[in-house]
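Participant: no sequence on this one, just coordinates:
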């Protein structure tokens, strides 16, 4: 029964992704349709997660598909903070198609039903929740960095339409992506610490190595940016590479087995 | 009530003729006062148009002739040349025209921002009554809606405004950002003023002749320096506007690289308004360095104006809706006196019948008499409610006057006065 809620969520996200693609032509109606799609989809997914939590004993998002479901919810939830403001709606062009595809993957993998569970309890929930929230934040930082690179490219190429379709200012995108990455890194660090302290993970394995590599990449990037050793554009490129690591490498290494 | 508009605008008349009938705000108010003899009058005069709006409920008042004569009297020597260029509009067309004007749809640059303030000033200086008051208030509302609900006024329409908007695309809020002016040309001055109006700080004016630079520097609250100081100033300048007549580059690669190093990655925007160019084009290959020359800016303005034109289609729809609302309101004026007469007639009957029954009602307690008053009033109100609504609805269409005549005839309204 709970799984039925995945459909309104998917329709909402899909509609938002479609509406945002029309944003480039007509901003008013597309933006309104997009943001309502996000809101309705997110509420439906929230209902789905609540239903999963009630139906399942233990932690219902322990599998890769379940984690993906939770991850999508966190990403879209974080996007809603900025997505509701007109200035950053365009971020939906990056976030919503991505969220739609991942939710379809989660559904296909069985992560939206109520049958999966992990009995490790609260500590696992804390660890997974923090890790996913951290990665969701890094995804958003990647989206903001993508917008930065696009805006920078338009300004460099002296695109004549740069004032017709206005993206957020370059410096604002740089500042926001750095802040988002920093906050996400703090959450990720807490999640890693919770994981290390709570579980007997055995030997140092590939998932741990990948997680620490992602953490190190972001930490190094933020440090170099703070020291003024890398410029905003290179920092944005680094965030996009980091995003690729998060969305491609991490699920493979964590859930391939 | 009738509404008449007589005017002359950039669409028909060249500036040589427009300037002959242009009046300043006090003169426009005085002219409106003179015209408002038995009618309402507003004079709207801007660099693109002079328009006289007159309204009255007196059918014998020759509004159009009076407005035409007044307008031609402003330039008696050019009356023959002006007369064929005047446009004369009435009622619905006049209202729609004013709404389009207020929305910036009739301007040289679609959506330009000044016209709304000019319409407001004309309204304030006019001698208005119920019709022009409603017309101008609704026109201002339509103008505001067009700007808020469409993008007609959003994109810059001039090179200085485009340069300032580009700076905002790089830095966001320009409050506290430093601008370096290189050269003291008119265009760079306008650009500097535009940036300043958005919060930017003009740090210095660098010029070959220090005296010339000092003049502009004083006007924009900056300090004047020589061209030799440019490399040092680049490190602190966020926006650099150049417009010298120097034959070679005033800002070269080496100076920009040094500045970017000193700026620790913070971006810098060069706006090169000079021909030949002052800024080495290769600078745009540097990370964090954005270079726009005059051709780039003009191309941005052309695209922006095209954007305004496409938004104008939506604004036209919106203005048409507002004009239709005004038309409905104006039409309803025709039946308002009839509705008022009908209600007065019914109330007179009710009061008369109660007076006849006063001797019998006098025996009733006070509370019961009040109840009778209340019940009879309610009966009258309920009986008249639907006819009132239907008459107002009919007034919005073509049958309003027919309905009004029928009601007058059926209830004998006005016949008592005649007898």
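Facilitator: That came through fine. Given the structure is predicted, the values throughout are model-derived calculations rather than measurements.
Participant: which parts of stretch B:202-212 are buried?
Facilitator: B:202, B:203, B:204, B:205, B:206, B:207 (16 or more other CB atoms under 10 Å in any protein chain shown). In this view, the C-beta of every residue, glycine as well, is placed from N, C-alpha and C.
Participant: which one of those sits closest to chain A?
Facilitator: Minimum separation from chain A among the buried residues of stretch B:202-212 (CB to the nearest CB) is found for residue B:203, which lies at 18.2 Å.
Participant: Please pull out the lowest mean pLDDT helix or strand from chain B.
Facilitator: Taking all helices and strands of chain B together, the one with the lowest average confidence (mean pLDDT, DSSP states H and E) is helix B:415-418, at a mean of 57.
Participant: Which residues are in contact with the residue nearest the centre of chain B?
Facilitator: For chain B, residue B:116 is the residue whose C-alpha lies nearest the centre (CA atoms, centre = their mean; 1.9 Å). Taking CB atoms under 8 Å, 6 or more residues apart in numbering or on different chains as the definition of contact, the neighbours of residue B:116 are B:102, B:104, B:140, B:143, B:144, B:147.
Participant: what's the answer for residue A:231, then?
Facilitator: Taking CB under 8 Å, 6+ apart as the contact definition, residue A:231 lies against B:265, B:287, B:288.
Participant: between those residues, which has the most around it?
Facilitator: residue B:288 (21 neighbours; other CB atoms under 10 Å in any protein chain shown).
Participant: hang on, that residue packs against residue A:230?
Facilitator: No: using CB atoms under 8 Å as the test, residue B:288 is too far from residue A:230 to be in contact (11.1 Å).
Participant: Up against chain A, what does the stretch 251-400 of chain B have?
Facilitator: Taking CB under 8 Å from any CB of the partner chain as the measure of proximity, the stretch 251-400 of chain B contacts chain A at B:264-267, B:284, B:287-288, B:290, B:292, B:296, B:299-300, B:302-304, B:307.
Participant: Tell me the pLDDT of residue A:255.
Facilitator: Turning to residue A:255, the model gives it a pLDDT of 64.
Participant: Tell me the one among the buried residues of stretch B:202-212 nearest to residue B:348.
Facilitator: Within the buried residues of stretch B:202-212, the smallest distance to residue B:348 is 74.3 Å, found for residue B:202 (CB to CB).
Participant: what about the closest one, which SS state?
Facilitator: In terms of secondary structure, residue B:202 is strand; the call rests on DSSP: H, G, I helix; E, B strand; the rest coil.
Participant: quick one, what contacts it?
Facilitator: Contacts were defined as CB under 8 Å, 6+ apart; by that measure residue B:202 touches B:178, B:179, B:181, B:192, B:195, B:196, B:217, B:220, B:221, B:222.
Participant: one more time with 6 Å
Facilitator: B:179, B:192, B:196, B:220, B:222 (CB atoms under 6 Å, 6 or more residues apart in numbering or on different chains).
Participant: So the first one: helix, strand or coil?
Facilitator: Remark: residue B:179 carries the secondary structure label strand [criterion: three-state DSSP].
Participant: who's in contact with it?
Facilitator: Neighbours of residue B:179 in contact, by CB under 6 Å, 6+ apart: B:195, B:200, B:202, B:239.
Participant: Name the SS class of residue B:413, please.
Facilitator: Classified using three-state DSSP, residue B:413 is coil.
Participant: how about the residues of the stretch 51-200 of chain A that lie near chain B?
Facilitator: A:155, A:158, A:160, A:161, A:163, A:164, A:169, A:170, A:171, A:172 (CB under 6 Å from any CB of the partner chain).
Participant: quick one: which of the residues you listed is most hemmed in?
Facilitator: Taking other CB under 10 Å as the neighbour criterion, residue A:170 ranks highest of those with 25 neighbours.
Participant: out of everything not next to it in sequence, what's closest to that residue?
Facilitator: What sits nearest to residue A:170 in space, not counting adjacent residues and going by CB to CB, 6 or more residues apart in numbering or on different chains, is residue B:170, at 5.0 Å.
Participant: wait, doesn't residue B:396 sit right on residue B:329?
Facilitator: No: the pair residue B:396 and residue B:329 fails to qualify as a contact (CB atoms under 6 Å) at a distance of 8.8 Å.
Participant: where are the low-confidence patches of chain A?
Facilitator: Per-residue confidence of chain A (counting by pLDDT under 70) places the weak regions at A:1-2, A:23-28, A:82-87, A:114-122, A:198-204, A:250, A:253-257.
Participant: Now do the contacts for the spatially most distant residue from the centre of it.
Facilitator: Most distant residue from the mean C-alpha position of chain A: residue A:160, 31.8 Å away (CA atoms, centre = their mean). Residues near residue A:160 by CB under 6 Å, 6+ apart: B:299, B:300, B:303.
Participant: Among the contacts of residue B:202, which lie within helices?
Facilitator: Here DSSP state H is the test, and these give B:192, B:196, B:220 as lying in helices.
Participant: Show the pLDDT at residue B:182.
Facilitator: On pLDDT, residue B:182 comes in at 94.
Participant: Can you report phi and psi for it?
Facilitator: Here the main-chain torsion angles of residue B:182 (degrees, to the nearest 10) amount to phi -110, psi 110.
Participant: Report the separation between the closest residue to it other than its chain neighbours and residue B:294.
Facilitator: Of all residues not flanking residue B:182 in the chain, residue B:242 sits nearest, at 4.1 Å (CB to CB, 6+ apart). Relative to residue B:294, residue B:242 is positioned 10 Å away (CB to CB, to the nearest Å).
Participant: quick one, which of the two is more surrounded?
Facilitator: Each of residue B:242 and residue B:294 had its neighbours counted (other CB under 10 Å), and the higher figure belongs to residue B:242 (25 against 17).
Participant: picking that back up, now the residues of the stretch 51-200 of chain A next to chain B as TSV including secondary structure and distance to residue B:86?
Facilitator: Formatted as TSV, the entries for these read as follows, by DSSP: H, G, I helix; E, B strand; the rest coil; distance: CB to CB, whole Å:
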residue	secondary structure	distance to residue B:86
A:155	helix	48
A:158	coil	45
A:160	coil	40
A:161	coil	40
A:163	coil	38
A:164	coil	37
A:169	coil	48
A:170	helix	51
A:171	helix	53
A:172	helix	51
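Participant: Where does the residue lying closest to residue B:300 once chain neighbours are set aside fall, secondary structure wise?
Facilitator: The spatially closest residue to residue B:300, leaving aside those adjacent along the chain, is residue B:162, at 4.8 Å (CB to CB, 6+ apart). Under the criterion DSSP states H and E, the helix or strand holding residue B:162 is helix B:159-171.
Participant: In terms of secondary structure, what does that helix contact?
Facilitator: Contacts defined by 3 or more CB pairs under 6 Å, 6 or more residues apart in numbering or on different chains; DSSP states H and E place helix B:159-171 against helix B:186-197, strand B:268-272, helix B:294-356.
Participant: and stretch B:112-119, average pLDDT?
Facilitator: Summarised as a single mean, pLDDT over stretch B:112-119 is 88.
Participant: So for that stretch, what gets flagged as buried?
Facilitator: When burial is assessed from 16+ other CB under 10 Å, stretch B:112-119 yields the following buried residues: B:112, B:115, B:116, B:118, B:119.
Participant: Thanks a lot, catch you later.
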